[in-house]
Structures are given as C-alpha cells and as structure tokens.
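K.L.:
predicted model follows, preceded by the sequence.
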Amino acid sequence: MTYHHHTREVTGWVGWIWFGGMMMVLAGLFNIITGLAAVFANRVYVQAPNRLLLLDVTGWGWLHLVLGVLVLATGVAVTAGQTWARVAGVVLVMLNALTQLTWIAVNPWWSLAVIAIDVLVLYALIVHGREARLD
C-alpha cells in the first residue's frame, strides 16, 4: 500500500494573510472603539443634516460594536488559517467598508482610514488566501 503525502509549499505570500488577519483585528478594534463612543458618549459625534445616516448615532454605534466584534474574531481565525474565516472575512470586510461609507458624514477621516484598511484586507484575503489554509 502506497501513501501519498502531499505537501504544499508555503511561500512568502502567506505573510499577506497574516497581515490581513491582523488588520481585521485592528479594524475590529477601531469599530469597537467607535461603537462604544457612539453608544456611551454620543455627544462625541454630531450628526450632520442631509447626510446618509439611516439610524441615529446610537443605533450606528451598536452596529459598529457588533460588527467590530465579528471582524475581530474572524481576523483571529484568518490568522490561524481557517478557510471559513477567509470567506466570512471577505463578506464582513465588505460590509464594514459599506458601513464606514455611510458613517463618513459623522467621522470622515476615521471612516476613510478604516476603508483603506478594509481594501488591503480584501486584497490579502482574495489574492493570497490559499497560502494560509490548513490541510
């Protein structure tokens, strides 16, 4: 009986996945901080009139808080090489970028920074995702 052990070559590109996972952790922490500030110190943010903000600031705070926890946890799983986390990470990061786009009227520079991180994470997960998979 012959056993074939397939080894996969791990290249330097795996660093992009670890980078993406850690950036997801960072983006999750950003969202958690933003969410907590909006929920508990809602006077920090001023809602601009005639801007795209579908909920009140406290409602967006809760959304950012929940999304932040999900992005953070998924980022940890991405770093650990979980395949499901890469797929979930792409969906969560895209959702995060969209929520930041709607939040841009309230906190433009912060939102732009988080969107930039989201774009880098999407690149890492989509282009180099197979590098970190567990066999």
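P.N.:
Yep, it's here.
K.L.:
from here on, just use CA atoms for contacts and neighbour counts.
P.N.:
Will do.
K.L.:
list the buried residues for the one helix or strand Ser111 maps to?
P.N.:
Applying DSSP states H and E as the criterion places Ser111 in helix 108-128. If you call a residue buried by 16 or more other C-alpha atoms under 10 Å, then helix 108-128 has these buried ones: 111-112, 114-115, 117-118, 120-125, 128.
K.L.:
my guess is Asn31 contacts His64. True?
P.N.:
Yes - in terms of C-alpha atoms under 8 Å, Asn31 counts as a neighbour of His64; the distance is 5.2 Å.
K.L.:
packing partners for the longest helix seen in the chain?
P.N.:
Ranked by residue count under DSSP state H, the longest helix found in the chain is helix 14-40. Helices and strands touching helix 14-40, by 3 or more C-alpha pairs under 8 Å, 6 or more residues apart in numbering; DSSP states H and E, are helix 57-79, helix 108-128.
K.L.:
starting at the chain centroid, how far to it?
P.N.:
A distance of 6 Å separates the centroid of the chain from that of helix 14-40, by C-alpha atoms, centre = their mean, to the nearest Å.
K.L.:
what angle separates that helix from helix 108-128?
P.N.:
For helix 14-40 against helix 108-128, the angle by axes from the mean of the first three to the mean of the last three C-alpha atoms, to 10 degrees is 150 degrees.
K.L.:
okay then, goodbye and thanks.
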